[in-house]
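Visitor: need coordinates for the below:
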Amino acid sequence: MAVWIAPILAAAFIALLAAAVVEAAILRRTAVTLDRQPRIALPLDEADVAAIRITTTATRPLRMLVRQRWPAIVTPRSQSVHAICRPREVLRVDLALRGIARGMNTVEPAYAALTMFGLAERILPVGGPTTVHVLPNLRAVRRLHKRLNDFALRSLGARASPRIGKGRDFDRLRDYVVDDDFRDIAWHASARHGRLIVREFRLDRSQEILLCVDRGHRMAARVEQITRLDHAVNAAVLISYVCNRMEDKFGLLSFASATENGVAFGRGAAQLRALTAYTSGVDAAYEHSDYLALAAALRKRLRHRTLILILTVLPEREDRFDLLRAVSMLAPQHLPLIVTLIDRNLRAAAQLLPSNRAELSRALVARDLWLGRVELMRELRSRGALVVEATPEDAGIESINAYIDVKRRQLL
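Guide: A predicted model of the protein is given here:
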C-alpha cells in the first residue's frame, strides 16, 4: 500500500503544478482596467469617497485584492479591498477618505492581486495618473447655502429702503434748500439748469469686511486631525460666503512675520473662487506673528472704515503688548474683531482639582496662562476691539454670529 502512495502524491503534485501553470497563463493574458477620476477633490476634514471602476477581459470570475496607497494629505494612508469581478462586469469600489491637510499630491497607481482558483496569483499596477486636491471645506458652505435660502424665502417680497445720510453711495440730484452743505452742490448740473442743484447720498449698504488669517507658529498645532490654521481657513471661507449673501465687499489676507497681499475687496462668485484658490495654498509657518506689521500694512491699505476680522490664537502674556498696540493703531478708524481659537486642554488643566504634586504644578501653570489670556481679552475690549472665544471646530459659526451682531448693531 505504501508503495502506491508516492506515485499518487507525485501525480497529484504534477496535476496541481500543471493547473497552476495554466491558471498563471490565463492570468497573464487577462487585462485589468481601473478607471477613476483624473482629479479627486476632497473637502478638508469631511468624510468623502473616491470611486474606482474595475473591468477585466477574463472569461471566468476573478478574485482580486486591490491595494491603494494615498499621499499624506488624506487618511487612511492605504486601503485594501477584496472583491470578485465576474466576466463583462463593471465592478465599482468606493474608498472612504478624509482630507487632513490642504494641498495637492499625486496618487500612486493601485496594485491588484488576481487569482482564479488560488493556485497562482498575478500582481500588477493598475490605474492612470491621478491627483488629489484637498480644498477648504466647501461642503459646509453648501449646507449653509440651503439654510440661507430657506431663510430668504420667508422674507420674499421684502425690500430694504435706502437711508439718506452722509454715505458714499450716490442717491439722486435735487434742488438746493436752506442749510444744505455747499460741498454737496453739483456745479455742472446747477449751470445747466440755471439754479442750484445738490447731490444727495444714502448710507452705505455694502460695507467692507477684511478677513485676516494668522499663519504663525501657534496655528500649526493640530486639533482633531487638522491644524488650527485649517480650522481658521474653513471659518474664513464660510464667513466670506455669508458676507457675499449680505452684499458686503470682502477680502482676505494671511500674515505671520510678514503680511501678504491676499485677495482684494470684491463680491460675487468670482470673488469666492479667488478666495478659495488663495486659501488652498496658505500654509502654517514656524514664524512669529507680527501684529504691529499687520496693523501698519492695514493702515496703508484701508481707506474706509472696515470690519477687520482676525482669526488667531492669543499670544502669551509677555508677547501681548504688540497685539494691544496693533489694536490701538486700528481701533480709532476701523473695527477690529478678534476671533481667538481657545485650547480646551488648557482650560481643562486650569480647572483641574489636583490630587498630587505633579498635577498641582501643571494646574498652577495652566491657570496662570489662562488668567493671562482672560486679562488680555479684557484689555483688548477696553481698547475698542470685539473679542470672540471659539473652539477651532466652531470658529466659523462664532465668526458668523459676531459678524451678524455687528451688522445688527450697525457698528460699522
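Visitor: just the helices in this structure please.
Guide: 2-29, 138-154, 187-193, 228-245, 269-280, 291-301, 320-330, 344-351, 357-382, 395-409 (DSSP state H).
Visitor: which one of these lies nearest to Asp45?
Guide: helix 228-245 (6.8 Å; Cβ to Cβ). In this view, the C-beta of every residue, glycine as well, is placed from N, C-alpha and C.
Visitor: could I get the buried residue list for the closest one?
Guide: Within helix 228-245, the residues that qualify as buried are 228-244, counting by 16 or more other Cβ atoms under 10 Å.
Visitor: and for stretch 15-30?
Guide: Applying 16+ other Cβ under 10 Å to stretch 15-30 flags 23-24, 26-27, 30 as buried.
Visitor: got JSON lines for these, with pLDDT and distance to Pro87 too?
Guide: Putting these into JSON lines (pLDDT from 0 to 100; distance: Cβ to Cβ, whole Å) gives the following:
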{"residue": "Glu23", "pLDDT": "80", "distance to Pro87": "16"}
{"residue": "Ala24", "pLDDT": "82", "distance to Pro87": "19"}
{"residue": "Ile26", "pLDDT": "83", "distance to Pro87": "12"}
{"residue": "Leu27", "pLDDT": "83", "distance to Pro87": "14"}
{"residue": "Thr30", "pLDDT": "86", "distance to Pro87": "11"}
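Visitor: would CSV of those residues with distance to Thr130 be doable?
Guide: Converted to CSV, these look like this (distance: Cβ to Cβ, whole Å):
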residue, distance to Thr130
Glu23, 31
Ala24, 29
Ile26, 29
Leu27, 25
Thr30, 23
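Visitor: so can I have CSV of the helices of the chain showing distance to Arg172?
Guide: Shown next, in CSV, are these (distance: least, Cβ to Cβ, whole Å):
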stretch, distance to Arg172
helix 2-29, 82
helix 138-154, 28
helix 187-193, 11
helix 228-245, 28
helix 269-280, 29
helix 291-301, 32
helix 320-330, 34
helix 344-351, 54
helix 357-382, 41
helix 395-409, 25
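Visitor: those: lowest mean pLDDT?
Guide: Of all the helices of the chain, the minimum mean pLDDT falls on helix 138-154 (a mean of 61).
Visitor: check contacts around the residue lying closest to Val313 once chain neighbours are set aside.
Guide: Take Val313 and drop its neighbours on the chain: the residue closest to it by Cβ to Cβ, 6 or more residues apart in numbering is Arg218, 4.1 Å away. By Cβ atoms under 8 Å, 6 or more residues apart in numbering, Arg218 lies in contact with 228, 289, 312-313, 315.
Visitor: now render those residues as a markdown table, adding distance to Met329.
Guide: Shown next, in a markdown table, are the contacts of Arg218 (distance: Cβ to Cβ, whole Å):
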| residue | distance to Met329 |
| --- | --- |
| Arg228 | 25 |
| Ser289 | 16 |
| Thr312 | 16 |
| Val313 | 20 |
| Pro315 | 16 |
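Visitor: tell me how the protein divides into domains.
Guide: 2-135, 138-157+205-409, 168-202 (automatic domain parsing).
Visitor: what's the most buried one of these?
Guide: Stretch with highest mean neighbour count among the domains of the chain: domain 138-157+205-409 (a mean of 18; mean count of other Cβ atoms under 10 Å).
Visitor: endpoints of that domain, how far apart?
Guide: 29 Å (Cα to Cα, to the nearest Å).
Visitor: and stretch 83-93, how far out from the chain's middle?
Guide: 36 Å (Cα atoms, centre = their mean, to the nearest Å).
Visitor: oh, I was asking about stretch 291-307
Guide: That offset, for stretch 291-307, works out to 24 Å (Cα atoms, centre = their mean).
Visitor: any weak-confidence spans in the stretch 51-200 of the chain?
Guide: Within the stretch 51-200 of the chain, the segments meeting pLDDT under 70 span 144-171.
Visitor: now do 80
Guide: Applying pLDDT under 80 to the stretch 51-200 of the chain flags residues 138-172, 182.
Visitor: show me where it has strands.
Guide: Per DSSP state E, counting those that start in this stretch, the stretch 51-200 of the chain carries strands over the ranges 62-69, 74-75, 78-85, 91-99, 103-107, 110-115, 122-126, 130-135, 164-175, 197-202.
Visitor: out of those strands, the one nearest Ile52 is which?
Guide: Here strand 91-99 is closest among these (Cβ to Cβ), at 5.2 Å.
Visitor: by contact count, what packs against the closest one?
Guide: Contacts defined by 3 or more Cβ pairs under 8 Å, 6 or more residues apart in numbering; DSSP states H and E place strand 91-99 against strand 39-43, strand 47-56, strand 74-75, strand 78-85.
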